[in-house]
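Participant: Take a look and give me a structure for this.
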Amino acid sequence: MADETTDTPLRSFAERIRPATPEVPLDAIDVQLLMELAKDARVPQRALADVLGMSSPAVADRIARLKAKGVIRGFSVDIDWEALGHSTVAYLSIKAAVGFDQSRVFETLMGLRGVEEINVVTGANDMVVKIRAHGFDDLRQILANDVWGIPGVQQTETSIVLVRAEPEGVDARMLQALLPSDD
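Facilitator: A predicted model of the protein is given here:
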């Protein structure tokens, strides 16, 4: 019987893979509602009702349905971490040791301070991790004291973000594409 560290490096990720969410059919009003909420999730239902030309209870029903179907996952605050001094963002490409159970590396990374996102990827590396730090010295501490000591991490490559841009209207453009064309 094979050692658990050399069995199949990706098998343990199978339990993390969620079944694909079934596609939820949307009508034009659902799409418009989502576009309005994407602009401002705190907009009162009465204002949404006015924009959509329907009653507040009808808007509430649609929001409840979209939440129940998983289209709306929640409403959250968008924290500007730069305003709190965490302005250094880096992407860390990680290559795990051959045959090592990568989920163990993944689980350790999940608990590290500053780790915002972990992606298991295809290609030359096994994972890409987004890290946010309070300056370069803090990033160096996270790498040296935390990441590089994780069993199974064979190699890392760090890319520090110099300029970051979030295109405006991404949600609106993607939602607009869901509307039937008038061809």
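Participant: Report the central residue of this protein.
Facilitator: residue 117 (6.4 Å; CA atoms, centre = their mean).
Participant: what's downstream of the helix or strand encompassing it, the next helix or strand?
Facilitator: Applying DSSP states H and E as the criterion places residue 117 in strand 115-120. Scanning forward in sequence from strand 115-120 by DSSP H and E, the next helix or strand is strand 127-133.
Participant: taking the mean pLDDT, what do you get for that following strand?
Facilitator: For strand 127-133, mean pLDDT rounds to 97.
Participant: do the same with stretch 23-42
Facilitator: Across stretch 23-42, pLDDT averages out at 91.
Participant: got it, and stretch 170-183?
Facilitator: 80.
Participant: Now the residue nearest to the centre of the chain. Nearest residue, chain neighbours left out?
Facilitator: Sequence neighbours aside, residue 130 is the residue nearest to residue 117 in space, at 4.1 Å (criterion: CB to CB, 6 or more residues apart in numbering). Just so you know, the C-beta spots here come from the backbone N, C-alpha and C atoms, and that holds for glycine as well.
Participant: Pretty sure that neighbour sits against residue 91.
Facilitator: Yes. Contact between residue 130 and residue 91 holds when scored by CB atoms under 8 Å: they sit 5.8 Å apart.
Participant: coming back round to it: ok, the residue nearest to residue 117 - contacts?
Facilitator: The contact partners of residue 130, taken as CB atoms under 8 Å, 6 or more residues apart in numbering, are 89-92, 115-118.
Participant: Serialize these to JSON lines and add fields for pLDDT and distance to residue 64.
Facilitator: What follows is these, written out as JSON lines (pLDDT from 0 to 100; distance: CB to CB, whole Å):
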{"residue": "89", "pLDDT": "97", "distance to residue 64": "36"}
{"residue": "90", "pLDDT": "98", "distance to residue 64": "40"}
{"residue": "91", "pLDDT": "98", "distance to residue 64": "38"}
{"residue": "92", "pLDDT": "98", "distance to residue 64": "40"}
{"residue": "115", "pLDDT": "97", "distance to residue 64": "34"}
{"residue": "116", "pLDDT": "95", "distance to residue 64": "30"}
{"residue": "117", "pLDDT": "96", "distance to residue 64": "29"}
{"residue": "118", "pLDDT": "96", "distance to residue 64": "32"}
